[in-house]
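K.L.:
how would this look folded up:
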Amino acid sequence: MIDLPSEMSEYGPVASPAGFHHVAVLSAATATNAPPIPRARFPTLSTICADVLVAVMMIRRAAQRNGRIVVGADLKVGPADKTVIVSQELPVSSLAARVYGVIRRPRVTFSALVQAPSWAPVLIATTAVTFLCGIAFLRTEVGQQALVDQWERAATAFGQPVDDEGYAQMEMTARSGIFDIAYAAVTALASGPALVFAVSGLLFGLLKRRGDLASSPPSFVQVLAVVSYATVILALRQIVATPLDYVHETIASPTTLVQLFSMLDEASPVARFLGIVDLFVIWWIVVLAIGVSIVYQRSTRNVALVFTGAYVVLALLAALAMAISGGTA
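P.N.:
Have a look, this model is predicted:
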């Protein structure tokens, strides 16, 4: 005999051929071994990322106090599944490291520089680089002719045309034996020590009056060190511009905005303004603003906007002066 289930469906079949008899069984009477449905869990709180971020910040601050730059931080799993932060640091006490830091990480470099200010080595190095680039270019026929053409364009831009006799005198001056050395030296000194001391004195005088008297003001040596290292950008511009000037056979800066708008008339006010605005000078202004903001504990954005605005105003005044003078080039 076949045991029938204790509970049967009222809709089950009444009869079926022998061997095919089937009775519908209620679902409640069927035993199951399925695991229970998991309940949704609330997300758990994790502070791993926050702890890592705090640790990296502490490493960077400690490296700045010790005169080093943190160039990277690797996460590694140590014993007992503990995360270990391995930092990679570079010292910023050497001249080469500081020059590299001004280009790649100016904020970190200036933070370390303010703790131990130094200005003479970098100022000598940048002045020497500018002088060597200038003398290397002016020693060539291309450089001498480019210098004469630049003099002629400058005179014409301010409404002073140059006749044949004046042009011949310019050529004689440019090709004299000692003039190229003197011209390169004066240019290097003007864009090096003269500019650095002038800008440092101006910033130190203006920001000292606007500073907080309750806190100890920065020293002139700190400001001088920041301005001196910022001129690394200008020396880099000279390195980039020298071979380009030789190829283009001109002494005009190849990094000005007017190079992007060659379709403009050279005598137009817009072309003159764009010919004064230099991309490397803007970079120098931004780097200088970062250093000044660290020295005086000010907003980098505000300082950069003020410096850039002053540069744009000076460029507009120069372009306006050339337009008023009636120049044609």
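K.L.:
Okay, now the unreliable bits of this protein?
P.N.:
Counting by pLDDT under 70, the chain has low-confidence residues at 1-92, 209-215, 326-329.
K.L.:
any idea where the strands of the stretch 151-300 of the chain begin and end?
P.N.:
Counting by DSSP state E, counting those that start in this stretch, one finds no strands in the stretch 151-300 of the chain.
K.L.:
Helices along that one, start to end?
P.N.:
In the stretch 151-300 of the chain, the helices defined using DSSP state H, counting those that start in this stretch lie at 164-174, 179-189, 195-210, 220-230, 232-248, 269-276, 279-296, 300-324.
K.L.:
highest average neighbour count across those?
P.N.:
Ranked by mean neighbour count, the helices of the stretch 151-300 of the chain are led by helix 220-230 with a mean of 24 (mean count of other CB atoms under 10 Å). Bear in mind the C-beta positions are built from the backbone N, C-alpha and C, glycine included.
K.L.:
Counting by contacts, list what that helix packs against.
P.N.:
Contact analysis of helix 220-230 by 3 or more CB pairs under 8 Å, 6 or more residues apart in numbering; DSSP states H and E lists helix 95-104, helix 106-115, helix 120-138, helix 195-210, helix 279-296 as its packing neighbours.
K.L.:
Out of the ones you listed, which gets nearest to Pro243?
P.N.:
helix 120-138 (8.9 Å; CB to CB).
K.L.:
what's that closest one packed up against?
P.N.:
helix 95-104, helix 141-157, helix 179-189, helix 220-230, helix 232-248.
K.L.:
For those, please prepare a markdown table with the additional fields distance to Leu132.
P.N.:
Shown next, in a markdown table, are those (distance: least, CB to CB, whole Å):
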| stretch | distance to Leu132 |
| --- | --- |
| helix 95-104 | 16 |
| helix 141-157 | 13 |
| helix 179-189 | 8 |
| helix 220-230 | 18 |
| helix 232-248 | 9 |
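K.L.:
Can you say which of these is nearest to Ile276?
P.N.:
Of the helices and strands packed on helix 120-138, nearest to Ile276 by CB to CB is helix 141-157, at 10.9 Å.
K.L.:
Show me which positions of the closest one end up buried.
P.N.:
142-149, 151-153, 155-157 (16 or more other CB atoms under 10 Å).
K.L.:
measure the spatially closest residue to Trp151 that is not a sequence neighbour to Leu234 for me?
P.N.:
Excluding its sequence neighbours, the residue lying closest to Trp151 (CB to CB, 6 or more residues apart in numbering) is Met170, at 5.3 Å. According to CB to CB, to the nearest Å, Met170 and Leu234 sit 27 Å apart.
K.L.:
same check, this time on Gln115
P.N.:
Following CB to CB, the distance that separates Gln115 from Leu234 is 25 Å.
K.L.:
Same check on Phe110?
P.N.:
16 Å.
K.L.:
And Val129, by the same measure?
P.N.:
In terms of CB to CB, Val129 sits 10 Å off from Leu234.
K.L.:
Let me know the distance separating the closest residue in space to Leu320 that isn't next to it in sequence from Val258.
P.N.:
Among residues not flanking Leu320 along the chain, Pro269 sits closest, at 7.4 Å (CB to CB, 6+ apart). Pro269 sits at a distance of 12 Å from Val258 (criterion: CB to CB).
K.L.:
sorry, back to before: any chance of JSON lines for the helices and strands packed on helix 220-230, columns distance to Val162?
P.N.:
Output for the helices and strands packed on helix 220-230, formatted as JSON lines (distance: least, CB to CB, whole Å):
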{"stretch": "helix 95-104", "distance to Val162": "40"}
{"stretch": "helix 106-115", "distance to Val162": "43"}
{"stretch": "helix 120-138", "distance to Val162": "20"}
{"stretch": "helix 195-210", "distance to Val162": "29"}
{"stretch": "helix 279-296", "distance to Val162": "28"}
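K.L.:
Please list all residues in contact with Ala230.
P.N.:
102, 284, 287-288, 291 (CB atoms under 8 Å, 6 or more residues apart in numbering).
K.L.:
one more time with 7 Å
P.N.:
284, 287-288, 291 (CB atoms under 7 Å, 6 or more residues apart in numbering).
K.L.:
do Ser253 as well
P.N.:
Contacts of Ser253 by CB under 7 Å, 6+ apart are 241, 278.
K.L.:
Same check on Val240?
P.N.:
Per CB under 7 Å, 6+ apart, neighbours of Val240: Thr255.
K.L.:
Among the buried residues of helix 141-157, which one sits closest to Cys133?
P.N.:
Gly143 (10.6 Å).
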